[in-house]
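# I would like to see how this sequence folds:
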Amino acid sequence: MGDEDDETFESTDAGASETYPMEAGQIRKGGHIMIKGNPCKVLDVSTSKTGKHGHAKCHFVAQDIFSGKKMEDLVPASHTTNVPFVKKVELQCMGVDDDGFVSLLTDDGGMREDIKLPNTLNQAPPDAEEVSKRIQEFLEKETEFNCIILCACSKEVITDTKVMVA
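Take a look at the predicted model:
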């Protein structure tokens, strides 16, 4: 048996779900919810009273966390709906290549070069131009800073920067 029999598995996904179920009546303003397959931050929730023909309903007004698009959904309060796992990660920025990929230093000392500047994405998030401009300015001034990355539903986007204090 030679080297050609060795298998390599590149995936870091352990098969974990990107969402978890939660009763619609338990989701509050500032929380997260999936609307039409998009992870959203809840801006407002209003609950209607139980009527003659059914359940109390929750009316969600939310904003897509990646595109900034406003979305609405109406869900019976007792029904379960999906809530995305949302995580913020802070990594030190080392530079940007010609294609707009940002070089980030991971906690274990490795490099990540798979996240693009926000303004180069097809669906640019809100403030994408401002965040991208700030990254370029910090790099020109040789300021040490971190990029704040929002992670949800297999997507990762740089949403902010933070200057490192010595």
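
# Please list the outside residues in contact with stretch 140-153.
Residues from elsewhere that reach stretch 140-153, judged by Cβ atoms under 8 Å, 6 or more residues apart in numbering: 18-19, 32, 39, 65-66, 84-93, 102, 104, 115, 135, 138, 156-164. C-beta: built from backbone N, CA, C; applies to glycine.

# Can you report how many residues lie near residue 157?
21 (other Cβ atoms under 10 Å).

# I'd like the numbering to begin with 46 instead of 1 from here.
Done: numbering now begins at 46, and the last item shifts to residue 202.

# Is it in contact with residue 166, as I believe?
Yes - Residue 202 is in contact with residue 166 according to Cβ atoms under 8 Å; the separation is 7.0 Å.

# Now the common contact residues for the two.
With Cβ under 8 Å, 6+ apart, residue 202 and residue 166 have no common neighbours.

# Quick check on residue 125: phi, psi?
Backbone torsions of residue 125, given as degrees, to the nearest 10, read phi -90, psi 150.

# what's near enough to touch it?
Counting by Cβ under 8 Å, 6+ apart, residue 125 touches 66-69.

# Could you do residue 157 as well?
Counted by Cβ under 8 Å, 6+ apart, residue 157 has contacts 136, 148-151.

# Need the pLDDT of it.
What the model reports for residue 157 is a pLDDT of 93.

# Report the next helix or strand after the helix or strand harbouring residue 159 in sequence order.
Here residue 159, judged by DSSP states H and E, is contained in strand 156-161. Downstream of strand 156-161, the next assigned helix or strand under DSSP H and E is helix 173-185.
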